[in-house]
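Colleague: one predicted model, sequence on top.
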Amino acid sequence: MSRVGKYPVRIPKGVEVSIANDVLTAKGGKGTLTVPLNESVQVAAQNGEVTVTPRDESKRARMMWGTVRNLINNAVIGASEGFAVRLEITGVGYRAAVQGATLNLQLGYSHDINYPIPQGITIRCERPTLIEVSGASKQKVGQVASEIRGYRKPEPYKGKGIRYETEVIVRKEGKKK
């Protein structure tokens, strides 16, 4: 039995949820998100809650029960509040700046990296060493943050690179004389 799937998803004020043609649509202040529904589970929206139940006792239905419930929860939260990931840049001369629809990264390479900002994502640089990626879709925000981090992953000796704000870099000792 799914420990996640059995809890209903509460719909906050300002968010409209509709189900049609095996697609759930959550519309709110931050945008409109759609979730394709699996045929193994049954989804119902009533009394300000969305409930997910498996259609049968097959392994596939039990697997998709919690997955679909979390996808719906992420869509509802994204439509009402949105998601944000903060990245910190560490290193001498490493910096970032938003220029129009591109993120300009200077990461110690011989060239600057120009990252085009995708539709539905907002990137802000409060300081040259802090990047905030925000948007309605949790998947898109995480993917963009991962792509930016991938340009210069943090290294374990000096800690230089781009890291998530909550990430802890385990430092290694350098070579000895």
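Modeller: Arrived safely, thanks for sending. Model, not experiment: these values are computed from the prediction. Residues are numbered from 1 along each chain as shown.

Colleague: would you map the helices across the protein?
Modeller: Taking DSSP state H as the test, the helices found in the chain are 59-80, 138-150.

Colleague: quick check: buried residues in the first one?
Modeller: Right, helix 59-80. 61-80 (16 or more other C-beta atoms under 10 Å). Bear in mind the C-beta positions are built from the backbone N, C-alpha and C, glycine included.

Colleague: quick one, it and helix 138-150 angle?
Modeller: Put simply, helix 59-80 runs at 80 degrees to helix 138-150, going by axes from the mean of the first three to the mean of the last three C-alpha atoms, to 10 degrees.

Colleague: which strands or helices does helix 59-80 pack on?
Modeller: Counting contacts by 3 or more C-beta pairs under 8 Å, 6 or more residues apart in numbering; DSSP states H and E, helix 59-80 packs against strand 9-10, strand 23-28, strand 31-36, strand 41-46, strand 49-54, helix 138-150.

Colleague: list of residues touching it?
Modeller: With C-beta atoms under 8 Å, 6 or more residues apart in numbering as the test, helix 59-80 has contacts from 1-5, 7, 9-12, 14-15, 17, 24, 26-35, 37-38, 40-41, 43, 50, 52-55, 83, 135-139.

Colleague: report pLDDT for Pro8.
Modeller: Turning to Pro8, the model gives it a pLDDT of 92.

Colleague: please apply the same query to the one 4 residues further on.
Modeller: Looking at Pro12, its pLDDT stands at 92.

Colleague: quick check on it: phi, psi?
Modeller: Dihedral angles of Pro12 (phi, psi; degrees, to the nearest 10) stand at phi -70, psi 170.

Colleague: care to break the chain down by domain?
Modeller: Using automatic domain parsing, the domain ranges for the chain come out as 9-80, 83-164.

Colleague: can you get me the start-to-end distance on the first one?
Modeller: For domain 9-80, the first-to-last residue distance is 13 Å (C-alpha to C-alpha, to the nearest Å).

Colleague: please apply the same query to the longest one.
Modeller: From the first residue to the last, domain 83-164 extends over 14 Å; the measure is C-alpha to C-alpha.

Colleague: again, but for stretch 27-34
Modeller: 9 Å.

Colleague: in that stretch, what counts as buried?
Modeller: For stretch 27-34, by 16+ other C-beta under 10 Å, it's 27-28, 30, 33.

Colleague: can you check stretch 106-114 too?
Modeller: Neighbour-count burial for stretch 106-114, with 16+ other C-beta under 10 Å as criterion, is recorded at 106-107.

Colleague: state the mean pLDDT of that stretch.
Modeller: 94.

Colleague: any idea how far that stretch is from the middle of the chain?
Modeller: From the chain centre to the centre of stretch 106-114 is a distance of 25 Å (C-alpha atoms, centre = their mean, to the nearest Å).

Colleague: okay then, goodbye and thanks.
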